[in-house]
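S.K.: Would you be able to build a 3D model of this:
(2 chains)
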Amino acid sequence: MNCDDARILMHGHLDGELDLAADLELQRHLDECPRCTREYAALRAMRTRLRDDEFRFEAPAALKEKIRRALPAPTPARSNGYPSRRGSWIPRVARFAVPLAVGAMLALIIAPRTIGPSVDQQLAGEVVASHVRSLMATHLMDVASTDQHTVKPWFNGKLDFSPPVTDFVKDGFPLVGGRLDYIDGRPVAALVYQHGKHVINVFMWPAAGAETSAVRVETEHGYNVEQLMTAGMNCWVVSDLNQQELEKFADLIGGKG
Amino acid sequence: MPDESKALDFDRTFLPHMDAAYNLARWLVRDDHDAQDVVQEAYLRAFRFAAGFRGGDARAWILAIVRNTAFTWLKRNRGSNAPTEFDEKIHGGSTEDSGLEADAVRKADGAMIRAALDELADEFREVIVMRDIEGLSYKEIADAADLPIGTVMSRLARARAKLARSLQTRIDQDRIDKEPK
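M.R.: Below is the predicted model of the structure:
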C-alpha cells in the first residue's frame, strides 16, 4: 500500500468502517511509515476532540416545545368507538419494507396514501401543512378580531373574492381572526376559529365547478380535514378537534347548523 | 394502520432527533436563529413527507431533510451554491502532510477548532459534523448527505485533511502572535 491510498483508508480505519483485509493492510502500512502514523495520530486526536460536547449544539428548549406543540396531540386510537372512514388499507407490511434511498422516499411524498386520482389528497396535505405552519410559525392571524364585520372587510383588496365570514360564538366556535394563505397555487382566505383549546383553520376560495354541498372527511397525520362547498366557495376545514365536533362545525360553515 | 397511531409514530420516531437536527442545521447555517427556522421548517416538511418514510433510519431520514432545507435556505438567503454543483476534482484535496501533531490538537483552543471547522466548505463541514460530532455511520452519512456510499470515506478524508491543515495554520499563527516582540 502506498501513502496516497493510506491517506484515504486511514479514515475508514479510524471510523471502524474497513473490512478486515483492508484494515490489516492499512495497519501494516502504518507500522512501517512514520509520516502516515504521525498524520493518523493527529487525525485521531482531532476526532476525539470533536466528540466532546463543547462542539455539539443542543436544540433550545423553546424550539423543541414549539415543534411539539405544533404537532397533533396523540389521541388514543378511537376510544369513542367512532369508526374511521378511511380503512387501514396501507398494508402493514409496508412499514417493514426495505427502506428506499432517501431521494426515492421524498419522491413518494403523498403517493403511498393515494387511492385513485390524487388532487384532493394533495390538497388535503397542503391544507394540513398550512394548518401546522400557522400554529408553528406564530403566524396564526393577520387580523385578530372576533368581529366578523372587521374580518370580512380586511380581505377586501387582498383577494379577488369576498369570503363569507360568520362568527359562530353562540354555537361554541368563536371566530378569532383571519389571514391570507396560499393553497393550490393561489391566495386563499384563512379564517381562524376556536373551540376550547383547539384551533380550527378554514381555508376558502371560489369553487371552479358546480356547487355541491357534500361533506367529505379525511384524516391526515392525526388531523381531521373536512371539505365542503358553500356559497360557491371551496372550503377546507382543518383541526385536531375530534371528528364529531368538527363535523358539527363544518355543518355550521355549510349553513346547515 | 390507523391515522391516530401514525401521529403517535411521528412523535416517537422523529422528535428524539431534534438535537441532531439542530446541531446539523446550526453548523450548516452558522447562526442560532436561522438554525431554529431551518429545523422548524424541516420538521414541517418531515411531517408532510412522513407517509414516505418506510421505516429504517429515522435520524438519517430527518437529517436528509434538515440538510436539504438548510441548503435551500443558504441559497435563498446567502446566495451560496447548492451542493450538487460540488466538484470532487476541483475541490479534491492532496495527500500532503498537514504537519499537525496529535499533542497540538489535544492542547488546541476549542474556539480555534470551531473556527477551522466553520471555515470549511459546506460539503466538507457537513460530513465531519455527521461523522465526528453526530456519530453517524458511513451508510447513514450516505443516506443523509445524498452521497454514494463509496464516496463517503474519500469525502471525509479530504474534509479532515483540510481541517487539519487549517487548524495547523491557526496554531502557527497563534504562536507567532504570542511571541515576545
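
S.K.: Contacts for stretch B:13-21, please.
M.R.: Contacts to stretch B:13-21, defined as CB atoms under 8 Å, 6 or more residues apart in numbering or on different chains, come from residues A:56, A:58-59, A:63-64, A:67-68, A:71, B:39, B:42-43, B:46, B:50, B:53, B:58-59, B:62-63, B:66, B:134. Quick note: C-beta positions are derived from backbone N, CA and C, even for glycine.

S.K.: Drop anything exposed from those.
M.R.: Neighbour-count burial (16 or more other CB atoms under 10 Å in any protein chain shown) applied to these gives A:56, A:59, A:63-64, A:67, A:71, B:39, B:42-43, B:46, B:50, B:53, B:58-59, B:62-63, B:66, B:134.

S.K.: From these, which land in helices?
M.R.: Applying DSSP state H to those, the entries found in helices are A:63-64, A:67, B:39, B:42-43, B:46, B:58-59, B:62-63, B:66.

S.K.: CSV for those residues, including distance to residue A:50?
M.R.: Below are these laid out as CSV (distance: CB to CB, whole Å):
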residue, distance to residue A:50
A:63, 23
A:64, 24
A:67, 27
B:39, 21
B:42, 23
B:43, 26
B:46, 26
B:58, 23
B:59, 18
B:62, 21
B:63, 17
B:66, 19
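
S.K.: And the residues you listed, which two are furthest apart?
M.R.: A:63 and B:58 (18.6 Å; CB to CB).

S.K.: Next, count neighbours for the residue of the stretch 151-257 of chain A found nearest chain B.
M.R.: Closest approach between the stretch 151-257 of chain A and chain B, counting by CB to the nearest CB: residue A:222, at 2.9 Å. Using other CB atoms under 10 Å in any protein chain shown, residue A:222 has 23 other residues around it.

S.K.: I'd say residue A:207 and residue A:228 touch.
M.R.: No - the criterion here is CB atoms under 8 Å, and residue A:207 misses it with residue A:228 at 10.1 Å.

S.K.: Quick check: buried residues in stretch A:19-37?
M.R.: Buried-residue list, stretch A:19-37, by 16+ other CB under 10 Å: A:25-26, A:29-30, A:33, A:36.

S.K.: Put together a markdown table for the ones in helices among the buried ones among the contacts of stretch B:13-21, with pLDDT and distance to residue B:157 on each row.
M.R.: Shown next, in a markdown table, are those (pLDDT from 0 to 100; distance: CB to CB, whole Å):
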| residue | pLDDT | distance to residue B:157 |
| --- | --- | --- |
| A:63 | 93 | 34 |
| A:64 | 91 | 35 |
| A:67 | 89 | 36 |
| B:39 | 95 | 29 |
| B:42 | 93 | 28 |
| B:43 | 92 | 33 |
| B:46 | 88 | 31 |
| B:58 | 88 | 28 |
| B:59 | 91 | 23 |
| B:62 | 93 | 26 |
| B:63 | 95 | 21 |
| B:66 | 96 | 24 |
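
S.K.: Return the member of these nearest to residue B:98.
M.R.: residue B:63 (28.0 Å).

S.K.: any idea how far chain A is from that closest one?
M.R.: 9 Å (CB to the nearest CB, to the nearest Å).

S.K.: which ones are touching that residue?
M.R.: Residues in contact with residue B:63 (CB under 8 Å, 6+ apart) are B:17, B:20-21, B:24, B:130, B:134, B:136, B:144.

S.K.: Take the residues you listed and write them to a markdown table, including distance to residue A:21, pLDDT and secondary structure.
M.R.: Supplementary listing: these in a markdown table, determined by distance: CB to CB, whole Å; pLDDT from 0 to 100; DSSP: H, G, I helix; E, B strand; the rest coil:
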| residue | distance to residue A:21 | pLDDT | secondary structure |
| --- | --- | --- | --- |
| B:17 | 35 | 93 | helix |
| B:20 | 33 | 95 | helix |
| B:21 | 37 | 96 | helix |
| B:24 | 33 | 97 | helix |
| B:130 | 26 | 97 | helix |
| B:134 | 29 | 93 | coil |
| B:136 | 24 | 94 | coil |
| B:144 | 28 | 94 | helix |
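
S.K.: Just the element for residue A:179, please.
M.R.: Secondary structure assignment for residue A:179, by DSSP states H and E: strand A:175-183.

S.K.: ok, now residue A:161?
M.R.: Following DSSP H and E, there is no helix or strand that holds residue A:161.

S.K.: what sits opposite the nearest residue to it once chain neighbours are set aside in the beta ladder?
M.R.: Of all residues not flanking residue A:161 in the chain, residue A:206 sits nearest, at 4.9 Å (CB to CB, 6 or more residues apart in numbering or on different chains). Beta bridges link residue A:206 to residue A:233 when assigned by DSSP bridges.

S.K.: Could you report the neighbour count for residue A:206?
M.R.: By the measure other CB under 10 Å, the count of residues near residue A:206 is 15.

S.K.: circling back to that earlier point, which ones among the buried residues of stretch A:19-37 are found in helices?
M.R.: With DSSP H as the criterion, helices contain A:25-26, A:29-30, A:36 from among the buried residues of stretch A:19-37.

S.K.: got those residues as JSON lines, with pLDDT columns?
M.R.: As requested, these are exported to JSON lines (pLDDT from 0 to 100):
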{"residue": "A:25", "pLDDT": "92"}
{"residue": "A:26", "pLDDT": "94"}
{"residue": "A:29", "pLDDT": "95"}
{"residue": "A:30", "pLDDT": "95"}
{"residue": "A:36", "pLDDT": "94"}
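
S.K.: Out of those, flag the one nearest to chain B.
M.R.: Set against chain B, the nearest of those by CB to the nearest CB is residue A:36 (9.1 Å).

S.K.: hmm, back to that, which residues touch the residue nearest to residue A:161?
M.R.: With CB under 8 Å, 6+ apart, residue A:206 has these contacts: A:161, A:232-234.

S.K.: Need the per-residue pLDDT for it.
M.R.: According to the prediction, residue A:206 has pLDDT 88.

S.K.: and if you look at the one 5 residues further on?
M.R.: The per-residue pLDDT reported for residue A:211 equals 50.

S.K.: could the contacts of residue A:206 go into TSV alongside pLDDT?
M.R.: Formatted as TSV, these follow (pLDDT from 0 to 100):
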residue	pLDDT
A:161	89
A:232	83
A:233	87
A:234	87
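
S.K.: Return the members of those residues classed as buried.
M.R.: Neighbour counting by 16+ other CB under 10 Å classes A:233-234 among the contacts of residue A:206 as buried.

S.K.: With respect to residue A:13, which of the contacts of residue A:206 is nearest?
M.R.: Comparing these against residue A:13 with CB to CB places residue A:234 closest, at 61.0 Å.
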